[in-house]
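Peer 1: next input, structure requested:
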Amino acid sequence: MGTDDDQTAVLLQVDRLTVEFPGVRALDDVHFDVRPGEVHALVGENGAGKSTLLKVLGGLHRPSAGEIRLSGSTYRPRRPADALHAGIAVIYQEFNLYPDLTVAENVFSGREPYHPLTRGIDYAQINRRAAELFEVLGVSIDPTATVGTLTVSEQQLVEIAKALSVDGRIIVMDEPTAALSADEVTRLLDVVRRLRSEGRSVVYVSHRLDEVFAVADRVTVLRDGRHVRTAEITATDQEELVRLMVGRDISSVFHREEVQEGALVLELDGVSAGRQLRGISLKVRAGEIVGIGGVAGAGQPELSQVIFGALAVSAGAMTMDGRAYKPKSPADAMAAGVGFLHEDRKAAGILPDLSVRDNLTISVLHRVRAAATRLLSPAAQTAVFADYRKRLAIRTTGPDQLIGQLSGGNQQKVLFGRALAPGGRLLILNEPTRGVDIGAKVEIHHLINEVTADGTAVLMISSDLPELLGVSDRVYVLAAGEIVGHLEGQDRTEENVIACATTGRRIFSEVSAA
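Peer 2: Numbers count the residues shown, from 1 in each chain. Down below sits the predicted model:
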């Protein structure tokens, strides 16, 4: 960590920073500082201003007012290259990698050394230097591997290696563990500690407060674009941070209302599909939330795709409301009353160049067409938008704002509204609160409770065990494409989910599907 004098020194000082966009003040008189060799966590609800602050530091946005000083000198980046030159490397939540290039090519992209004889890229040098960077990080990644073949956690480490390659004094990480497994999170936090031990400063942005308390030295809370509090991590606790972030007390993030189960809505009987799923049998009833757990790669996305008509069944059968259910496409599934939320918001969720209104209503185009012309009715679309904007507390300047301009959490709310809009019998939710702050989680869980009270059946896939167990009525556990556990009542514990998922053995002699 350094000397006591180092702890009170300031490497980066943000003073009275204000950033305004048309109709929105994203940051309002914000104060923020970073000390040498510390991990400084930045927390707040979606729309609190965290991403805007990071983009100012990274040279993507220019402030409307205020001052930033780096090592005592004025810091005014006009483009990302200025930030890198100054030693500030920002690793955004959405990676900036070239999937078809090698690891080393990505690490040194735009700064490749050239061989004096061939005048081409000196691949031996960049491969060697990349290997040295990964050795510093304490990980083993092949510099010659194609980035597109790496796991998400390995790609995260490539981004960190890029930051180190420009001698980053301050490394900013925006939601670095949003798509990582528990083991991968542990390894990444070890890397953060290693960076701190080398005297580098890390600005760590996360909705996961357990990570904040595991790795941070100080924490700053933003709310509605304003600075609320900066505190030593030892001088606060999770309950206080939640209250500061949302402006109110939240007694329980995960809350399940008592709902009377109804008739059987969906049944899978020995369903196999693709290369992953084998012999899946499960039931979901009206008014209940059935959770699907398991380690990453156990077949959860494939299961949701089969039910939504995006992956063909190779064996077994499905029924909906007691009748044969054979969707050949997502359109068939939506026509049957199935709503769907994809786990990958960027790649398969939002349409970034369309408005919030268009993104929200794309699943109910039949309802927003004018009867006479069959053209889309902006008035009908706006009515749907207004309904879900209010119900989900979506923060946007209006229906015409591009969804790509919203924070990640507000994008997730729009996609959640899109899944709800068909108003059908079954709702499939893949990671419904991924990248969403605590306050928004409460709102989304409340809405899930509402729709189940109205008789909707919900199938929820979540890698967040407290959410999975706190919200679901029953939990099926997948391992290697098979159901290996069915947990009800007091058997719904983290220990049982992990035991099933990691050993591949059923806890009970027979997996009940009742």
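
Peer 1: does residue 88 touch residue 166 like I think?
Peer 2: No. Assessed by CB atoms under 8 Å, residue 88 is found out of contact with residue 166, at 9.3 Å. For the C-beta atoms, the positions are set from N, CA and C on the backbone; glycine is no exception.

Peer 1: more neighbours: the two, which one.
Peer 2: Shown here are residue 88 and residue 166; by other CB atoms under 10 Å, residue 88 has more neighbours (28 against 18).

Peer 1: domain ranges for the protein?
Peer 2: Domain ranges of the chain: 4-246, 262-337+425-436+457-514, 346-421, per automatic domain parsing.

Peer 1: so how far is the first one from its chain's centroid?
Peer 2: Here domain 4-246 shows a centroid-to-chain-centroid distance of 16 Å under the convention CA atoms, centre = their mean, to the nearest Å.

Peer 1: quick check: mean pLDDT of that domain?
Peer 2: Across domain 4-246, pLDDT averages out at 89.

Peer 1: ok, back up a step: with distance to residue 443 added, can I get the domains of the chain in CSV?
Peer 2: Below are these laid out as CSV (distance: least, CB to CB, whole Å):
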stretch, distance to residue 443
domain 4-246, 10
domain 262-337+425-436+457-514, 9
domain 346-421, 6
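
Peer 1: out of these, which comes closest to residue 442?
Peer 2: Among the domains of the chain, the nearest to residue 442 by CB to CB is domain 4-246 (8.1 Å).

Peer 1: show me where the stretch 101-250 of the chain has its strands.
Peer 2: Ranges of strands in the stretch 101-250 of the chain, per DSSP state E, counting those that start in this stretch, are 170-174, 201-205, 218-223, 226-232.

Peer 1: among the domains of the chain, which comes closest to residue 447?
Peer 2: Taking these one by one with CB to CB, domain 346-421 is closest: 6.5 Å.

Peer 1: any idea how far apart the tips of that closest one sit?
Peer 2: 20 Å (CA to CA, to the nearest Å).

Peer 1: just stretch 464-481 next, same as before
Peer 2: Across its full length, stretch 464-481 reaches 19 Å between end residues, using CA to CA.

Peer 1: now find how far off-centre it is within its chain.
Peer 2: That offset, for stretch 464-481, works out to 18 Å (CA atoms, centre = their mean).

Peer 1: make 847 the starting number, not 1.
Peer 2: Shifting the count to begin at 847 puts that one at stretch 1310-1327.

Peer 1: quick one: average pLDDT of that stretch?
Peer 2: 89.

Peer 1: in that stretch, which residues are buried?
Peer 2: Across stretch 1310-1327, burial judged by 16 or more other CB atoms under 10 Å covers 1310-1311, 1313-1325, 1327.

Peer 1: what about the residue of the chain positioned farthest from its centre, distance to residue 970?
Peer 2: Relative to the C-alpha centroid of the chain, counting by CA atoms, centre = their mean, residue 963 is the outermost residue, at 46.2 Å. The gap separating residue 963 from residue 970 is 12 Å, by CB to CB, to the nearest Å.

Peer 1: keeping just the C-alphas, turn the strand or helix carrying residue 1273 into PDB.
Peer 2: Element membership for residue 1273 (DSSP states H and E) is strand 1272-1276. Output of strand 1272-1276 as PDB, limited to C-alpha atoms (Å, rounded to 0.1, in the frame of the first residue of the first chain):
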ATOM      1  CA  LEU A1272     -44.800 -17.800 -19.700                       C
ATOM      2  CA  LEU A1273     -41.900 -15.400 -19.100                       C
ATOM      3  CA  ILE A1274     -38.300 -16.700 -19.600                       C
ATOM      4  CA  LEU A1275     -35.800 -14.500 -17.800                       C
ATOM      5  CA  ASN A1276     -32.000 -15.000 -18.500                       C
END
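
Peer 1: can you pull the contacts of the residue farthest from the centre of the chain?
Peer 2: By CB atoms under 8 Å, 6 or more residues apart in numbering, no residues touch residue 963.

Peer 1: check which element follows whichever strand or helix holds residue 1332 along the chain.
Peer 2: Using DSSP H and E, residue 1332 falls within strand 1328-1334. Using DSSP H and E, the next helix or strand after strand 1328-1334 towards the C-terminus is helix 1340-1349.

Peer 1: what mean pLDDT would you report for that following helix?
Peer 2: In the prediction, helix 1340-1349 has an average pLDDT of 78.

Peer 1: buried set for it?
Peer 2: 1342-1347.

Peer 1: swap in stretch 972-980?
Peer 2: 972-973, 975-977, 979-980.

Peer 1: what about the nearest residue to residue 1183 once chain neighbours are set aside, distance to residue 1174?
Peer 2: Nearest residue to residue 1183 in three dimensions, chain neighbours excluded: residue 1270, at 2.7 Å (CB to CB, 6 or more residues apart in numbering). Using CB to CB, one obtains 17 Å as the distance from residue 1270 to residue 1174.

Peer 1: shouldn't residue 1131 be in contact with residue 1106?
Peer 2: No. At 9.9 Å, residue 1131 does not count as touching residue 1106 under the criterion of CB under 8 Å.
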